[in-house]
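> Mind looking at a prediction? Sequence and model below.
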Amino acid sequence: MRLSVFGMGYVGNVSAACFASDGHTVIGVDPNQTKVDLINQAKSPIVEPGLAELMEEGVRSGRLSATTDPVEAVMKTGLSLVCVGTPSQQNGNLDLQYLTKVCEEIGTILKDKDDFHIVVIRSTMLPGTIRETVIPTLESTSGKTVGEGFGVCNNPEFLREGSAVRDFREPPKTVIGESDKRSGDALADLYAHLDAPLIRTDIEVAEMVKYADNAWHAVKVTFGNEIGAISKRLGIDSHKVMDIFCQDTKLNISPYYLRPGFAFGGSCLPKDLRAITYKARELDLPVHLLNAALPSNRWQIEAGVDMVLNKGRRKVGVLGFSFKAHTDDLRESPLVEVIERLLGKGMDLKLYDRNVSLARLTGANRDYITRAIPHISDLMVDSMQEVIDHAEVLVIGNGDPAFRRVPEMMRDDQVLVDFVRVLDQPSEKGRYDGVAW
């Protein structure tokens, strides 16, 4: 394939050199004449292990060159990768001036190009930027329509400085957000030889994945440092602690707990967070991340209550109110707080949870239900159907598999508020509302 790479900075140089090494013909584009001259002299403008050798090989073979002329690059290639910087503004937002300028340049050139051209955005940008900035800029300057005269893809990079060439060759994943299948197919061909998952998805999902990745990495670093700070003050070897922590790939280093959903609860997480943050205060340690967990969890509960109240209907049915499915434990269940808040607003409630119903008679929670929350006990019914018959708004509170049947059991006048994503593909806008989807 013939490729052009706009922006010969860190990502641009690595991408250009690696694609050239794969056998593609690559033209790098940058307004900085010094960078262009260095590349054409087979020298890398940046320091990165393994890059200089790839750059020299690419230039000597004739597969890699650089220019300051975007017209030459676009006219001679079928796919352009945009790797320009998107630096922070003072308020934290992204400065898109370089991205917009390149899109204007490419669009203006496409006006006079007959062939279908694919624009691939590698620059990191906030979700919505391609739909709101990139595509409108390309369409207005080219006079063409996305998906017809040209295609657009988002292809976030996951390169780490110091191991970028290896990361390009052995990526954790390749993500393609595509405007049309033709463009996605062409871009997927570039990565077909890599031994890594290749995911094709919506443009906005691809944009958000990069932020999910980097935010998670930042959270992990902060979490490790805060655990380290507490451990040091207590005379504990934090590396021994975290070495053991990281051996748990069933819960700690895994997808578990990372699916968006409702607030956490139960007998362990709230209690233990309060205890460890109390100890940190005793030690005069500002563990901001750990301190933020419980307030963030409370916000999730408030958001859930608001979702139900905003439906503007009085009769509410709650299906599942133990803190998670397959348990009768109501201790610090966020659903209990939701129920109590709804009662306080005058809602007419009925509740069903098959595990809690059993516990009401024989289980370990009997005393808690009948003495601590007797008003909730009085609202419990013996079947899911009773709740459905009663409610104008149905709330699914935990992941009991039986609740997957609820959407097909609903009347046309009912709405569903889902705290657990009971449907794999939520639909029916206006009748279905997910807590984080």
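Alright, I've got the coordinates. Residues are numbered from 1 along each chain as shown.
> Counting neighbours, what do you get for Arg281?
Per other CB atoms under 10 Å, the neighbour tally for Arg281 reads 11. For glycine as for every other residue, the C-beta is placed from the backbone atoms N, C-alpha and C.
> right, I mislabeled it, should have said Gln33
10.
> Likewise for Lys240?
Residues within reach of Lys240, counting by other CB under 10 Å, total 10.
> what does Cys153 give?
Neighbours of Cys153 under the rule other CB under 10 Å: 26.
> Arg60 now?
For Arg60, the neighbour count with other CB under 10 Å is 10.
> check contacts around the nearest residue to it once chain neighbours are set aside.
Take Arg60 and drop its neighbours on the chain: the residue closest to it by CB to CB, 6 or more residues apart in numbering is Ala42, 6.1 Å away. Listed by CB atoms under 8 Å, 6 or more residues apart in numbering, the contact partners of Ala42 are Met55, Glu56, Gly58, Val59, Arg60.
> what's near enough to touch Leu343?
For Leu343, the contact set (CB under 8 Å, 6+ apart) comprises Leu349, His375.
> Please report how far it lies from Val308.
If you measure Leu343 against Val308 using CB to CB, to the nearest Å, the figure is 12 Å.
> and what of Ser88?
The value you get for Ser88 to Val308, if CB to CB is used, is 38 Å.
> before we move on, what about Lys113?
Distance of Lys113 to Val308, given as CB to CB: 54 Å.
> which one of the two has more residues nearby?
Between Lys113 and Val308, counted using other CB under 10 Å, the more crowded position is Val308 (22 against 17).
> Test my guess that that one contacts Leu416.
No. Val308 is beyond contact range of Leu416, at 10.8 Å (criterion: CB atoms under 8 Å).
> who touches both of the two?
In contact with both Val308 and Leu416: Val393, Val395, using CB under 8 Å, 6+ apart.
> what is the mean pLDDT for stretch 280-298?
Computed over stretch 280-298, the mean pLDDT rounds to 97.
> List of residues touching that stretch?
219, 222-223, 226, 229-230, 233-234, 263-264, 270, 273-274, 276-277, 334.
> most surrounded residue in those residues?
Greatest neighbour count in those, by other CB under 10 Å, goes to Ala263: 25 neighbours.
> From Lys324, how far off is it?
Using CB to CB, one gets 11 Å for the distance from Ala263 to Lys324.
> Need phi/psi at Arg411.
Dihedral pair for Arg411: phi -80, psi 160, per degrees, to the nearest 10.
> where along the stretch 101-250 of the chain do the strands fall?
Using DSSP state E, counting those that start in this stretch, the strands assigned to the stretch 101-250 of the chain run over residues 117-121, 150-154, 174-178, 198-201.
> Can you check what pLDDT the model gives Glu337?
Here, the pLDDT recorded for Glu337 equals 93.
> Please shift the residue numbers so they start at 49 in all later answers.
OK, 49 is where the count begins now, so the last one is Glu385.
> That one contacts Ile349, correct?
Yes. At 5.6 Å, Glu385 counts as touching Ile349 under the criterion of CB under 8 Å.
> how about the strands in the stretch 349-485 of the chain?
Along the stretch 349-485 of the chain, the stretches classed as strands by DSSP E, counting those that start in this stretch are 363-367, 396-400, 441-444, 463-466, 480-482.
> closest to Val168 out of the ones you listed?
In terms of CB to CB, the element of the strands of the stretch 349-485 of the chain nearest to Val168 is strand 480-482, at 31.2 Å.
> Report the mean confidence score over stretch 153-172.
For stretch 153-172, the mean per-residue pLDDT is 97.
> For it, measure first residue to last.
19 Å (CA to CA, to the nearest Å).
> Need the nearest residue in space to Asn61, chain neighbours excluded.
Spatial nearest neighbour of Asn61, chain neighbours left out: Ile94 (5.5 Å); criterion: CB to CB, 6+ apart.
> who's in contact with that neighbour?
With CB under 8 Å, 6+ apart, Ile94 has these contacts: Gly57, Tyr58, Asn61.
> tell me the phi and psi of the closest residue to Gly314 other than its chain neighbours?
With CB to CB, 6+ apart as the criterion, Gly314 has its nearest non-adjacent residue at 4.4 Å, and that residue is Phe371. Backbone torsions for Phe371, taken as degrees, to the nearest 10, come to phi -70, psi -20.
> tell me the pLDDT at Phe371?
With respect to pLDDT, Phe371 scores 85.
> next one: the one 10 residues further on
The per-residue pLDDT reported for Ser381 equals 89.
> Quick check: the gap between the closest residue to it other than its chain neighbours and Pro449.
Distances taken as CB to CB, 6+ apart place Phe371 nearest to Ser381, at 3.9 Å, with adjacent residues excluded. In this view, Phe371 and Pro449 are 17 Å apart by CB to CB.
> coming back round to it: farthest-apart pair in the contacts of stretch 328-346, please.
Arg281 and Pro382 (31.5 Å).
> got any ranges where the stretch 249-398 of the chain has weak pLDDT?
Applying pLDDT under 70 to the stretch 249-398 of the chain picks out no residues at all.
> And the helices in it, which stretches?
Using DSSP state H, counting those that start in this stretch, the helices of the stretch 249-398 of the chain run over 251-281, 286-295, 317-330, 336-357, 382-392.
> Would you mind finding the most buried of these?
helix 382-392 (a mean of 20; mean count of other CB atoms under 10 Å).
> C-alpha coordinates for the helix or strand harbouring Val119, CSV please?
Using DSSP states H and E, the element containing Val119 is helix 118-123. C-alpha atoms of helix 118-123 as CSV (Å, rounded to 0.1, in the frame of the first residue of the first chain):
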residue,chain,number,x,y,z
PRO,A,118,1.1,17.8,1.5
VAL,A,119,-0.1,17.8,-2.2
GLU,A,120,2.6,15.5,-3.3
ALA,A,121,1.9,13.1,-0.4
VAL,A,122,-1.9,12.9,-0.8
MET,A,123,-1.8,12.6,-4.6
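> got the buried residues for that helix?
Neighbour counts over helix 118-123 (16 or more other CB atoms under 10 Å) mark Pro118, Ala121, Val122 as buried.
> Now pLDDT and distance to Phe67 too, for these, in CSV please.
Listed next are those as CSV, based on pLDDT from 0 to 100; distance: CB to CB, whole Å:
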residue, pLDDT, distance to Phe67
Pro118, 98, 18
Ala121, 98, 14
Val122, 98, 16
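> Tabulate those residues (CSV), appending distance to Glu434.
Below are the buried residues of helix 118-123 laid out as CSV (distance: CB to CB, whole Å):
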residue, distance to Glu434
Pro118, 68
Ala121, 68
Val122, 66
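> quick one: which of the residues you listed is nearest to Cys294?
Ala121 (45.0 Å).
> list the contacts for the closest one?
Contacts were defined as CB under 8 Å, 6+ apart; by that measure Ala121 touches Ser52, Phe54, Ile75, Val77, Thr115, Ser128.
> Next step: the residues you listed restricted to helices.
Here DSSP state H is the test, and the contacts of Ala121 give no hits in helices at all.
> Right, I'll call it a day here.
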